[in-house]
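J.: have a look; sequence and predicted model below, questions after that.
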Amino acid sequence: MSEPADAPVILCDEPGSFARSVLAERHPALIEKVRDAFPYDPEQHRALDALRHDHAEGVVTPLDPGAHDHDRWQSWGREYFGRSWFEAPFLWIESYFYRRLLGAVGYFAPGPWQGIDPFRPFKQAELDTPEAARELTALDHLLDRPADEAADALLHGSLWGNRADLGFRISSGGAASSDAAPLVADDSDVLWRLLPAGAPATLCLVADNAGRELLPDLVLVDHLLRHRRAERVVLQVKPYPYYVSDATTSDVVDCLRHLARAEGAAGEAGTRLWAAMADGRLTVRAHDFFCAPLPYAEMPDDLRREFADATLTVLKGDLNYRRLVGDRLWSPTTPFADPTAYFPGPVAALRTLKSDVITGLDADTEAALDAEERHWRTSGTHALIQVRR
Ligand SMILES: O=P(O)(O)OC[C@@]1(O)O[C@H](CO)[C@@H](O)[C@@H]1O
């Protein structure tokens, strides 16, 4: 079994590794996708060219000294500046890549492009797909079922919604789905015991992707509030665009509007959620730490207090999992409770597997996965619900 001291931090220099492929293939493709999606000016094109070149062949350079977050990144990245992008820890360099991409298109600098989300067209297109429409229509039947049965179905909808990750789809050739496989770990009974109906629970939901992941997340939130499994829900999103499709406050607004305008049960859920925002039962927060290149073990005190005050914190998605347990090559049978022992309150991970990090499997499951599929850790075809009380 791996201990933190001997579970190696994932770097990007290992030939053939998933982390290396993200840097070598996913990031350059994303730069071009963003470039094609906007009528950028010559300066923005030059900045994108420079980022692409540095990323492939150059070294990691610090932010411009005038950048609002220069000092923060200086302290987070001191040891990686001046080295190849491929020598940095995977978790750190991916966050820095997104920070630099936003910088290249002028997201942070005062001027006409300030605050224009370069990923917005992709996130919005998600909402208008026939698949998204079908998922909302299906709620008409689902929400008629007994509350516990509906709760389970909505929990799974939110879990598998995590496949709707646009970064992942850039490198998986667009495939977002296959039939849902049995979960590789399933603590959903523990999760439901932490949220019994009628108890005054506060749920903290740390969102991941916008669009087709956030819609089922919001429908789940509506169900928990409506059936009194939660008295209050705090939805934590990113303070700025990140990892392509991660949800920001604007994306929450887009999804709530989309739901509220829908027909049938989806529209009713949207109307209830709109009201829950107005009366404070549903709150949106966007802590800076959610875009930091750090594991949750290094969270600041104010966020630690928020998590400590929640009855349960649910972390959605693959990146949140990496940050929760640490972006390390754990032995898969390392108990989930070990690397999450520091977390200040009960915590659940809802995640489809899209990176090498995994803990909490039993030995038989690990053996079956190894026998069944070479890339089970990164293919996005497996999922888990893990809980540490
Ligand atoms: O957090 P999410 O949206 O579930 O997944 C993010 C992701 O696609 O991006 C990283 C590589 O770019 C991996 O951790 C993971 O595969």
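T.: Ah, there it is.
J.: and Gly103, how far is that from the ligand?
T.: Using C-beta to the nearest ligand atom, to the nearest Å, one obtains 19 Å as the distance from Gly103 to the ligand. C-beta: built from backbone N, CA, C; applies to glycine.
J.: and that residue, how many residues sit next to it?
T.: The number of residues packed near Gly103 is 17, by other C-beta atoms under 10 Å.
J.: same question, the one 5 residues further on
T.: The number of residues packed near Phe108 is 18, by other C-beta under 10 Å.
J.: before we move on, what about the one 3 residues further on?
T.: For Gly111, the neighbour count with other C-beta under 10 Å is 10.
J.: tell me the secondary structure at it.
T.: Look at Gly111: counting by DSSP: H, G, I helix; E, B strand; the rest coil, its state is coil.
J.: could you do Leu205 as well?
T.: What three-state DSSP gives for Leu205 is strand.
J.: which residues does it form beta bridges with?
T.: Counting by DSSP bridges, Leu205 is bridged to Leu235, Val314.
J.: state the distance from it to the ligand.
T.: Note on Leu205: its distance to the ligand, by C-beta to the nearest ligand atom, is 14 Å.
J.: now do Glu366
T.: 20 Å.
J.: that residue: neighbour count?
T.: One way to gauge burial is a neighbour count; for Glu366, by other C-beta under 10 Å, it gives 16.
J.: so, low pLDDT: which residues of the protein?
T.: Low-confidence regions of the chain, defined here as pLDDT under 70, cover residues 1-5, 171-179.
J.: contact residues of it facing the ligand?
T.: Counting by C-beta under 6 Å from any ligand atom, the residues of the chain lying close to the ligand are 22, 26, 94, 162, 165, 167-168, 208-209, 243, 317-319, 322, 354-355.
J.: list the ones among those residues that fall in strands.
T.: Judged by DSSP state E, strands contain none of the residues of the chain next to the ligand.
J.: and the residues you listed, which are buried?
T.: Listed as buried from the residues of the chain next to the ligand are 22, 26, 94, 162, 165, 167-168, 208-209, 243, 317-319, 322, 354-355; burial here means 16 or more other C-beta atoms under 10 Å.
J.: just give me the closest of the residues of the chain next to the ligand to Phe108.
T.: Tyr243 (17.0 Å; C-beta to C-beta).
J.: quick one: residues contacting Ala286.
T.: Neighbouring residues of Ala286 by C-beta atoms under 8 Å, 6 or more residues apart in numbering: Gln236, Val237, Lys238, Pro239, Thr248, Thr249.
J.: among the residues you listed, which are in strands?
T.: Gln236.
J.: redo the contacts of Ala286 as a markdown table? Include distance to Ala349 and neighbour count.
T.: Compiled in a markdown table, the contacts of Ala286 are given as follows (distance: C-beta to C-beta, whole Å; neighbours: other C-beta atoms under 10 Å):
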| residue | distance to Ala349 | neighbour count |
| --- | --- | --- |
| Gln236 | 14 | 24 |
| Val237 | 17 | 23 |
| Lys238 | 18 | 22 |
| Pro239 | 22 | 14 |
| Thr248 | 22 | 24 |
| Thr249 | 23 | 15 |
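J.: of all the contacts of Ala286, which comes closest to the ligand?
T.: Taking C-beta to the nearest ligand atom as the measure, the ligand lies nearest Lys238 of the contacts of Ala286, at 10.9 Å.
J.: show me the contacts for that closest one.
T.: Counting by C-beta under 8 Å, 6+ apart, Lys238 touches Asp246, Ala247, Thr248, Ala286, Phe290, Cys291.
J.: all the helices of the stretch 151-300 of the chain, in order from the start?
T.: Listed from the start of the chain, the stretch 151-300 of the chain has helices (DSSP state H, counting those that start in this stretch) covering 166-171, 188-194, 211-226, 249-260, 264-279.
J.: what's the most buried one of these?
T.: Per residue and on average, the most neighbours among the helices of the stretch 151-300 of the chain fall to helix 211-226, with a mean of 25 (mean count of other C-beta atoms under 10 Å).
J.: now that one against helix 264-279, angle please.
T.: Computed with axes from the mean of the first three to the mean of the last three C-alpha atoms, to 10 degrees, the direction of helix 211-226 lies at 70 degrees from that of helix 264-279.
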